[in-house]
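J.: what's the 3D shape of this:
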Amino acid sequence: MADLRRTALYDLNLSLGGKMVPFAGWDMPVQFPMGVMAEHLHTRTAAGLFDVSHMGQVILRGDTAAQALETLVPADIVGLEPGRQRYGLFTNDAGGILDDLMIANKGDHLLLVVNAACADADIAHLRQLEAQGIQVQPVTDRALLALQGPKAAAVLAALIPGVAVMRFMDVAEFDWQGVTLWVSRSGYTGEDGFEISVPLAEAEALARALLASPDVAPIGLGARDSLRLEAGMPLYGHDMDAETRPAQAALGWSVPKLRRQGGARQGGFPGASAVLPELARGPARTRRGLRPEGRAPIREGVAIFAADEGGAPIGKVCSGGFGPSVGGPIAMAVLPADLSDGATVWAELRGKRVAVTLTPLPFHKPSYKR
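T.: Got it, this is the predicted structure:
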């Protein structure tokens, strides 16, 4: 196995009792002594601090950076106002999803945050924009922290008062003890919160300052996964991949009207000829929420059937586990789009079929600062 990369908070994570595991080439904490269930519930009720420094940060510079990025991403980047960010997808020539990412307009440049497992491939993909005069600059000297939960704003505002007025998906820069922080009011838990890019040398000091609040606890990848699952958020490599088009992943909302058929800037991105007709007519299959009966979770890969016996599978679970805030098992699967919410399908667990109810996403209502 290749040597695992370590974040700037590696030593702090160890000192806090983090159980470290390999993740996307990095040595990351999956949980802390509090345990996954308690970490999840603490984030829902107070504030959780996540080390997300494994994520890739990339700067795009150039007068036409927004227009250039629209040749790779089916989103409205040209219309993205300074100080705002939005969600986007990289697509391939077949319309499949290469990665999902956040795109921020910081005035004189764009800042992208991409998934750790895809970061190297994403940067190589972005390099093609250099032919259009765009500078592609991977950020290698900063860590990334996420502070999430209903008390996150009060905790961060105690250190940086200016963050209190930020809205969901705002981005801004702030000074903290002479250090410039890049802050967005966003996250991956369904809770209000912030993602904070900080120079590597100051990352541990900032983390310790946040953890000094009794409302903040360190949170690992285990609770991060259950939090995003309750929030109905897809995870790249599980709920979407290079074989999955946006409509199939229930991410059609990320392709705005002006990039669709008949729109002012329709198409112009890889796979548009496959993505746009499917969005117009509706997909035959799409990502759906599932609530199994009983207490046993249904995990990724479990086959889903239309009946309690016989027949071929109609899909399989792409994400599944226990939802601590929901109080029971939850899952997502790509299934026929014509199945109605409330309908019963069947999951095969250890040779037996268990009734599962189709449920609207998300399982847990988000509480963002609008």
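
J.: ok, so what distance separates the closest residue in space to I59 that isn't next to it in sequence from G83?
T.: Nearest non-adjacent residue to I59, counting by Cβ to Cβ, 6 or more residues apart in numbering: Q137, 4.2 Å away. Glycine gets a C-beta too; all of them are placed from N, C-alpha and C. Counting by Cβ to Cβ, to the nearest Å, the separation of Q137 from G83 is 20 Å.

J.: can you give me the helices in the stretch 51-200 of the chain?
T.: 65-69, 119-126, 152-159, 200-211 (DSSP state H, counting those that start in this stretch).

J.: now tabulate the ones you listed in TSV and tack on mean pLDDT, mean neighbour count and distance to V334.
T.: Formatted as TSV, the helices of the stretch 51-200 of the chain follow (pLDDT from 0 to 100; neighbours: other Cβ atoms under 10 Å; distance: least, Cβ to Cβ, whole Å):
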stretch	mean pLDDT	mean neighbour count	distance to V334
helix 65-69	98	21	28
helix 119-126	97	17	23
helix 152-159	98	20	32
helix 200-211	98	18	37
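
J.: and the ones you listed: which comes nearest T244?
T.: helix 119-126 (16.2 Å; Cβ to Cβ).

J.: show me what the closest one is in contact with.
T.: 55-56, 58, 60, 72, 90, 98-99, 101, 112, 114-115, 136, 138 (Cβ atoms under 8 Å, 6 or more residues apart in numbering).

J.: for the stretch 201-350 of the chain, which residues score under the pLDDT cut-off?
T.: Within the stretch 201-350 of the chain, no range satisfies pLDDT under 70.

J.: got the domain ranges for this protein?
T.: Domain ranges of the chain: 1-58+79-87+97-230, 284-370, per automatic domain parsing.

J.: among the ones you listed, show me which one is buried the most.
T.: domain 1-58+79-87+97-230 (a mean of 19; mean count of other Cβ atoms under 10 Å).

J.: contact partners for I77?
T.: Residues near I77 by Cβ under 8 Å, 6+ apart: A66, Q67, L69, E70, G88, I103, N105, L110.

J.: what's near enough to touch the first one?
T.: In this case it means A66. A66 touches I77, V78, L80, N105, L110, counting by Cβ under 8 Å, 6+ apart.

J.: re the thing from before, mind putting the helices of the stretch 51-200 of the chain in CSV, distance to D175 included?
T.: Below are those laid out as CSV (distance: least, Cβ to Cβ, whole Å):
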stretch, distance to D175
helix 65-69, 26
helix 119-126, 28
helix 152-159, 11
helix 200-211, 12
